[in-house]
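In: pasting the structure only:
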């Protein structure tokens, strides 16, 4: 079974986009689930159009395949800060990144790969800690 990797990102207007890492498909929506469903519709439409027009399409569309989603760490941070679950001070403690730098990431500055990894590691550490309390 083929696994298709996709990334979920949150846009500045609060909507979500999902796009495949190695394929041409994408989707958008007001929620993550809507964006995923939109991408699935786009994939089905692409296949139908390819068949009716007689051109090639990715062979995995004829098989059972699974989707593997990952969330962009900055989008995840933006979601939790804007929803009021975390403050920039709290995110700073979780990630080890200064609040001013986190603010700039939330407002358009693209973090280096190492900084994205620090944000991701901060969330994973928080998840691990929470799991010890609620396991």
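Out: Structure's in. What do you need? Predicted model, so just to flag it, every value in this text is computed and none were measured. Numbering: from 1, shown residues only.
In: can you show me the helices along this structure?
Out: Under the criterion DSSP state H, the chain contains helices at 32-53, 73-82, 88-95, 99-106, 113-134.
In: to residue 8, which of those lies closest?
Out: Residue 8 sits nearest to helix 32-53 of all those, at 5.7 Å, using C-beta to C-beta. To be clear about C-beta, it is placed using only N, CA and C from the backbone, and glycine gets the same treatment.
In: and the angle from the closest one to helix 73-82?
Out: 140 degrees (axes from the mean of the first three to the mean of the last three C-alpha atoms, to 10 degrees).
In: helices or strands next to helix 32-53 in the packing?
Out: Secondary-structure packing of helix 32-53 (3 or more C-beta pairs under 8 Å, 6 or more residues apart in numbering; DSSP states H and E): strand 2-10, strand 16-20, strand 26-29.
In: mind putting the ones you listed in TSV, distance to residue 46 and mean pLDDT included?
Out: Below are the helices and strands packed on helix 32-53 laid out as TSV (distance: least, C-beta to C-beta, whole Å; pLDDT from 0 to 100):
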stretch	distance to residue 46	mean pLDDT
strand 2-10	13	93
strand 16-20	11	95
strand 26-29	11	96
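In: right, and the ones you listed - which one's nearest residue 90?
Out: Closest of the helices and strands packed on helix 32-53 to residue 90 is strand 2-10, at 18.3 Å (criterion: C-beta to C-beta).
In: neighbouring strands of that closest one in the sheet, and parallel or not?
Out: In the sheet, strand 2-10 lines up against strand 16-20 (antiparallel), strand 65-71 (parallel) (DSSP bridges).
In: dump those strands into a markdown table; add mean neighbour count and distance to residue 77 as well.
Out: Formatted as a markdown table, those follow (neighbours: other C-beta atoms under 10 Å; distance: least, C-beta to C-beta, whole Å):
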| stretch | mean neighbour count | distance to residue 77 |
| --- | --- | --- |
| strand 16-20 | 20 | 14 |
| strand 65-71 | 13 | 10 |
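In: which one of these lies nearest to residue 93?
Out: Each of the strands paired with strand 2-10 has some distance to residue 93 by C-beta to C-beta; the shortest is strand 65-71, at 20.4 Å.
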